[in-house]
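1. 3D model of this:
(chains A and B)
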Amino acid sequence: MIAMLHDLLRVLGLWRARRGWLLAGALIAMLAALAGVALLALAGRGVSEGLRHGALTGVAVGSLLLLRPLILVRPAARYLERLVTHAATFRALADTRIWFFRRLAERLPSGLGMRRAGDLLGRLVSDVEALDGLYLRALVPGAAALAVVLALAVLLGFAGPALAAVVALPLALALLLPPLLAPGAARAAAEVAEAQGRLRTAAVDPLLGLEDTLAANAEGRAAARLDAAGQDLARTQASLARRAAWSGASGTLLTQAALLGALGYGLAGGPGAAAGAVMGLFLALAAGEVLSGLPRAGTALAAAGAGAHRLFEAADTPPPVTEPAQPAALPTGHAIRAEDLRFAWAGDRAPVFEGLSFELPEGGRLALLGPSGAGKSTLAALLLKLAAPQGGCITLGGVDIAELSADAVRSRIACLTQDARLFDDSIAANLRIAAPDADDAALWQALERAGVADVVRALPEGLQTQCGEGGARFSGGQGRRLALARALLSPARVLILDEPASGLDAQAERTFLETLESATEGRSVILITHRLLGVERPTRILRLVGGRAMPAMG
Amino acid sequence: MSHLLATLLGYGQSGWPDFAAAAALALLAIALGIAQERAQAAAGAAARAGLRRRAFARLLAAGPADHRPAGERAALVVDRVEALDGYFARWLPAAALAAAGPLLIAIVVAFEDPLSGLILFVAGALVPVGMALTGIGAALASRRQFDALQHLSGRFLDRMRGLPQLVLFRRQEAEAQALGAAADELRRRTMKVLRVAFLSGLTLEVIAAAVLGCLAWRHGNMLVGGHPDPQAALFCLLMVPGFFAPLRAFSAAYHERMAAQGAAAALAPLLQEPAAGETGLQLAEIPPSVVVTFEHVSLTYDPARGPALADLSFRVTPGEALVLAGPSGSGKSSVLRLLMGFQRPDAGRLALNGRDATTLRPEELRRLTAYVGQKAHLFRDTIRENIRLARPEATAPEVEAAARAAQVADFAAALPQGLDTLVGEGGFGLSGGQAQRVAIARAFLRNAPLVLLDEPTVHLDPGTEVQVLDSLRRLCAGRTAIIATHSPALRARFNRVLELEQGRAVTSRMAGE
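-> Sure thing, here's the model as predicted:
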């Protein structure tokens, strides 16, 4: 309960920038509800006056005349309320989605780790969507209902405290129901949210590894998993719907109790109480419309709480490397020096580095060799601040990178990772990820250096050709060279190339490595590779052995 | 209740028994409401499950040829199918209720006061007209809304999978803005849908208010002259909310129906087109050996980009391993894709054991093969389960044997839980070479007569490559194998090489030629 409240308050905190919209929506909702009360209060007065005197008296006529503008005010106010509250909500939800992406980029810079992309997608879509209930189905109707109950208590209080008690008390109880019912529905709502996540994962997972799923004839297994997840979702939704139905019923029960209370008051009080009773009856009718849906707000709150919990659970993944509180200024130089590095990916994993040291002067070209699993890519991760060493330090231009912001370090060091992905966008857009302001000539130069310009030139749409997800529209080698072109385009002074030629044919590999020196234009280069062809002309060769770097011959 | 009210106002005779009856009726209405909701929740679950199953099967059958981002395809079977809920659960019952309920009430009212009944009739007839006017725009707007949601899903999933690229090039903020634009587009389109829906709600409320006004006017006027039956007047007025309640539900459900129609718009083509997987022959049993024959095979993905394969002919017999060589983009992977049934040839004949392979269902074709793709995908699961994917009924010793054969056991021994170590999506936690070996272990476990390998030794260091090549030779022994590769070491170990260039066979040689 406390946790749910905490999560929901945090959601409201995220929506602070939209408070103008949100407050306006709640205000209009209160006005619309009060207009409804006024309408029926006047009608009740008119009817009771009229019927009591057997004819339309001055008061009755006055009341009925006042009705006419109110009749139009109410629908108009309702329309405005719906527009404003929904506009406010969807603005807030769009903000939440951007916030979520930013957090993930901050917390999962080196990849999703043990999280599933499909699960995160589910959180972005369904769990954010569930947050709309917090405002649309709980806070707004709650504010409107509060206004109505207060108005009712005041109006009926004039007629008689007893009448106010029998009519307003059940309605006030309806007002209290959402916070009372929400904790009970919390578990059912959490189960729905989890089931929704599982359904999406079950749909996304086989699509991500589609070739492998098909190759293993695993379509049936994937379909069965999706089916089971769908059934799970239907079952949990039904259980939440049952709760919502009971809540709805209790709301109806309370508003009916208010109606009957007014009638009972009239019956018990005799002719003297009739005017008050009719008034109470009409007001209870008006309040019923506003309040009958309110107890359902309990389930909406629970659903929003469950969504918020899942959202924050993913967004609060601890970042792999904490940023320095006061980042040092970026040094002008970019010489790299690693001293006595010690690192293991986890406590229970074997250490990758035990006292690794090396130096890379400005403009140097370091070839880093070693068998697969020796920690070549790990070193790149440490240099890029995707992980922090447990011992020793790395300096960039003489400053410990632990004292620099990750963003500053990455402005100096660019990397072609082993699994560099192309996005579902044009070639030009994919390249400009490395240099947003690069002109077409620069793009062509990078493509030329990566040995893929001819391929792109032969495409009918040239630079505007779509790459497909993960570069699916290109062969593996072509995709790899496009990724290489992207890395070469980066303006960073230090380039890490992790197996730049993997997937290239021997001729293309040799051609690229021969031109490595000119292609990198005097920048510092760390070339990570299994073996050297003898054409790379590195200024230094290191071999990773037993967690240390040993000088080696080509 | 009007009876009671009239009594209060001095026009009738009723008391506590009527009060009790009203209370009982209220309780009955509440109980019926609960029953109705429960029935609605149950309706449609089965229908949605069926639709989802069929749509998903079609997506899988379309395979890699469907270039839409995975997130978009997933949104089809999740969000769109869920959106159909409104149609099954609320539209069908509400439509029935909306026709019957108000009619009944209007008739009852007409018995009390014919003119009041007529007013209700007219109002009831006006409601569908107003809704139809707003509904036309609603379906279109709702279709656009779902397209925007699908686009957002596709983009987010694609970017999440390449998040490190964005972070390393410091483009995460730009991407956040771009995603924000996609989210904003979704908001704008959703608001468009809602504006129309609210407008129809507004129409309904105005009609309701007008009816209330008309009835109040009529009975008010009658009152001036001394109303003949004040109780009937109250009855007519109090029936108005009851008259409009089913219409209100109808209006809401109508818009859900329109939303469902928008959601279904993109599902329909998927469900209508005949699935390739549902036609074609099935294998009675897996043949122990396979002869692969390509006769003048051509394949073009996109006419503007030229053919991927042109007039390609070759033949591979059991016990033979054909190495496909050639620059990247020369069509090596396309050969394997044809044999996997991911693509169909545009011309020429592709035969297995002399029978046209395209007459087989694609999934039957795949039952014959062990395949390691260029970008083999590891699922978020243990290494053991990732290997077992290839043959789920395999025993633990069989999985371990495959792990040993592919040199997985070597590195797994150093992991805290060995083969039961969890790996992340796409092989997170393993190096590129290690993930590649897990994929090769799948091929060992698969134990199929045809072996198709696409760059099996990429990302491997020379030492490991030698070991893996030794086991690959054992894997290929006695089987029919086709291997696409750039690796000189691999070419040196297998006796037949077919050199491709721009989809054509350039040279074909035996080892030592």
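2. and stretch A:121-134, C-alpha only, in CSV?
-> Taking C-alpha atoms only, stretch A:121-134 is exported to CSV below (Å, rounded to 0.1, in the frame of the first residue of the first chain):
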residue,chain,number,x,y,z
LEU,A,121,8.6,-2.7,-25.0
GLY,A,122,5.6,-3.9,-23.0
ARG,A,123,6.5,-1.6,-20.2
LEU,A,124,6.8,1.3,-22.6
VAL,A,125,3.4,0.6,-24.2
SER,A,126,1.1,-1.2,-21.8
ASP,A,127,2.4,-0.1,-18.4
VAL,A,128,2.6,3.5,-19.3
GLU,A,129,-0.9,3.3,-20.7
ALA,A,130,-2.2,1.9,-17.4
LEU,A,131,-1.0,5.1,-15.8
ASP,A,132,-3.9,7.0,-17.4
GLY,A,133,-6.2,5.5,-14.9
LEU,A,134,-4.5,7.4,-12.1
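3. Check the gap between residue A:208 and chain B for me.
-> Residue A:208 is 6 Å from chain B, where distance means CB to the nearest CB, to the nearest Å. Where C-beta positions appear, they are placed from N, C-alpha and C, glycine not excepted.
4. dump the residue contacts of the nearest residue to that residue once chain neighbours are set aside.
-> Excluding the flanking residues, the one nearest residue A:208 by CB to CB, 6 or more residues apart in numbering or on different chains is residue B:70, at 5.6 Å. Applying CB atoms under 8 Å, 6 or more residues apart in numbering or on different chains to residue B:70 gives the contacts A:204, A:207-208, A:210, A:469, B:154, B:157-158.
5. Can you check the pLDDT for residue B:70?
-> On the pLDDT scale, residue B:70 is placed at 92.
6. again with residue B:42
-> The predicted local confidence for residue B:42 is 69.
7. Likewise for residue A:513?
-> So, for residue A:513, pLDDT stands at 87.
8. tell me the contacts of it?
-> Contacts of residue A:513 by CB under 8 Å, 6+ apart are A:501, A:533, A:535-536.
9. circling back: quick check, nearest of the contacts of residue B:70 to residue B:201?
-> residue B:154 (32.6 Å; CB to CB).
10. Surely that closest one is in a strand?
-> No. Assessed with DSSP: H, G, I helix; E, B strand; the rest coil, residue B:154 is helix; it does not lie in a strand.
11. Do I have it right that it meets residue A:423?
-> No. When contacts are counted by CB atoms under 8 Å, residue B:154 is not listed as touching residue A:423 (10.9 Å).
12. Skip the chain neighbours and tell me the closest residue to the closest residue to chain B within the stretch 251-400 of chain A.
-> Proximity of the stretch 251-400 of chain A to chain B (CB to the nearest CB) peaks at residue A:372, 3.1 Å away. Using CB to CB, 6+ apart and skipping residues adjacent in sequence, the residue nearest residue A:372 is residue B:433, 3.1 Å away.
13. was I right about that neighbour contacting residue A:373?
-> Yes. Residue B:433 is within contact range of residue A:373, at 6.9 Å (criterion: CB under 8 Å).
14. who has more neighbours, the two?
-> For the pair residue B:433 and residue A:373, the greater number of neighbours falls to residue B:433 (24 against 21), based on other CB atoms under 10 Å in any protein chain shown.
15. which element follows the host helix or strand of that one toward the C-terminus?
-> Element membership for residue B:433, per DSSP states H and E: helix B:432-446. Going down the chain from helix B:432-446, the next helix or strand is strand B:450-454, by DSSP H and E.
16. Kindly spell out which helices and strands sit in contact with that following strand.
-> Where contact means 3 or more CB pairs under 8 Å, 6 or more residues apart in numbering or on different chains; DSSP states H and E, strand B:450-454 is packed against helix B:332-340, strand B:369-372, helix B:432-446, helix B:462-476, strand B:480-484.
17. of these, which approaches residue A:84 most closely?
-> helix B:432-446 (51.9 Å).
18. What helices and strands are in contact with that closest one?
-> In terms of contacts (3+ CB pairs under 8 Å, 6+ apart), helix B:432-446 is packed against strand B:369-372, helix B:383-388, helix B:396-405, helix B:408-412, strand B:450-454, helix B:462-476.
19. Centre of the chain to it, how far?
-> The chain centre lies 29 Å from the centre of helix B:432-446; the measure is CA atoms, centre = their mean, to the nearest Å.
20. Run through the strands of chain B in chain order.
-> For chain B, strands defined by DSSP state E occupy the ranges B:292-299, B:309-316, B:321-325, B:347-352, B:355-356, B:369-372, B:381-382, B:422-423, B:450-454, B:480-484, B:496-501, B:504-510.
21. Tabulate those strands in JSON lines, adding columns for distance to residue B:75, mean pLDDT and mean neighbour count.
-> Shown next, in JSON lines, are the strands of chain B (distance: least, CB to CB, whole Å; pLDDT from 0 to 100; neighbours: other CB atoms under 10 Å in any protein chain shown):
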{"stretch": "strand B:292-299", "distance to residue B:75": "30", "mean pLDDT": "94", "mean neighbour count": "19"}
{"stretch": "strand B:309-316", "distance to residue B:75": "33", "mean pLDDT": "92", "mean neighbour count": "19"}
{"stretch": "strand B:321-325", "distance to residue B:75": "37", "mean pLDDT": "93", "mean neighbour count": "23"}
{"stretch": "strand B:347-352", "distance to residue B:75": "35", "mean pLDDT": "92", "mean neighbour count": "17"}
{"stretch": "strand B:355-356", "distance to residue B:75": "37", "mean pLDDT": "90", "mean neighbour count": "12"}
{"stretch": "strand B:369-372", "distance to residue B:75": "28", "mean pLDDT": "94", "mean neighbour count": "26"}
{"stretch": "strand B:381-382", "distance to residue B:75": "24", "mean pLDDT": "94", "mean neighbour count": "16"}
{"stretch": "strand B:422-423", "distance to residue B:75": "27", "mean pLDDT": "94", "mean neighbour count": "19"}
{"stretch": "strand B:450-454", "distance to residue B:75": "29", "mean pLDDT": "95", "mean neighbour count": "26"}
{"stretch": "strand B:480-484", "distance to residue B:75": "33", "mean pLDDT": "95", "mean neighbour count": "27"}
{"stretch": "strand B:496-501", "distance to residue B:75": "38", "mean pLDDT": "91", "mean neighbour count": "20"}
{"stretch": "strand B:504-510", "distance to residue B:75": "40", "mean pLDDT": "76", "mean neighbour count": "13"}
